[in-house]
Structure formats: C-alpha cells, structure tokens
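Chemist: no sequence for this one, just the structure:
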C-alpha cells in the first residue's frame, strides 16, 4: 500500500555541522540522496529532512532564502511517544549545539511539548499527545 511522505527542505549555513547535529539526535543519513551540497536526514519512514547548502537550496526557488537566525519560515513539529521522549530529544538537541526555543507547554494530562532551535535557527517543536485524545 502506498504511504505518502513529507520531505522538508531546509537551507543551512554549514552542511557538515548540520549533519553532525541531526545524526547526534539519533536520525540516520540516507547516503543515496546525499552529496556535497545536500544531506537526506531520515526522521521516520514517512518524514525526510533535506538539508542543503544555501546555493543548492536556491536552485529550487526564485524567492529570497530566509535567514533562519533572524526570521521564522516555518515551525516544524515532531511527535514523540512519551513525555520522556520529548525531553530526551530536546535535551539531545541542546547538548548537540541547538538552543531552547520557548517554554515547556503543558495542557492538562493530554499534551506536553518542548521546542528547540537547530544551529541555523530553524524552530522545531517536539510534542507528545495522549493517544486516546488523538484517536477520539
């Protein structure tokens, strides 16, 4: 059966540093879709983060590339299977060169989230939600 995927493309200042950051979070690189200007970071079976040097990224758009250290072009959200996994991933991100982004978010006993900036300033949210709330 076909599984739709999402490919998130981000411009980065230092490809090697970004690769080290994301592999430090436990994500794998798909070398088949990586080269000297692009790295394919496998987040899950359905989510791939394509990090690209700015000149390569610029080949896909006619618009100005956002300076992610100064502006937000997107809020990227990842789910986690538990509160502990939220903390684990965000703590790894900060230890790997990222920075905290905002306060911890809690809504009762059904939602918990924290956020970080990667070394280029891209904003990532990591959220756990009680499965019974999601499933209705």
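Modeler: Sure, I can see it. Predicted, not measured: the structure shown is a model, and the values here were computed from it. Numbering: from 1, shown residues only.

Chemist: State the next helix or strand along the chain beyond the lengthiest helix in the chain.
Modeler: For the chain, the helix that runs over the most residues, judged by DSSP state H, is helix 83-95. Next helix or strand after helix 83-95 toward the C-terminus (DSSP states H and E): strand 99-100.

Chemist: Neighbouring strands - and their directions - for that next one?
Modeler: strand 111-117 (antiparallel) (DSSP bridges).

Chemist: which residues pair with residue 123 across the strands?
Modeler: Using DSSP bridges, the bridge partners assigned to residue 123 are residue 75, residue 117.

Chemist: Low-confidence regions, the protein specifically.
Modeler: Counting by pLDDT under 70, the chain has low-confidence residues at 134-136.

Chemist: can you pull out the strands in it?
Modeler: Using DSSP state E, the strands of the chain run over 6-12, 28-29, 38-42, 47-53, 75-79, 99-100, 105-107, 111-117, 123-129.

Chemist: What is the longest helix of the chain packed up against?
Modeler: Judged by 3 or more C-beta pairs under 8 Å, 6 or more residues apart in numbering; DSSP states H and E, helix 83-95 is in contact with helix 15-24, strand 111-117, strand 123-129. Every C-beta, even on glycine, is put in place using the N, C-alpha and C of the backbone.

Chemist: I'd like those as a markdown table, with mean neighbour count and distance to residue 46 appended.
Modeler: A markdown table is the format used below for these (neighbours: other C-beta atoms under 10 Å; distance: least, C-beta to C-beta, whole Å):
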| stretch | mean neighbour count | distance to residue 46 |
| --- | --- | --- |
| helix 15-24 | 17 | 17 |
| strand 111-117 | 21 | 20 |
| strand 123-129 | 18 | 17 |
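
Chemist: What about the residue nearest to residue 119 when sequence neighbours are not counted, how many residues nearby?
Modeler: Leaving out its chain neighbours, the residue that sits closest to residue 119 by C-beta to C-beta, 6 or more residues apart in numbering is residue 97, at 4.9 Å. Residue neighbour count, defined by other C-beta atoms under 10 Å, stands at 14 for residue 97.
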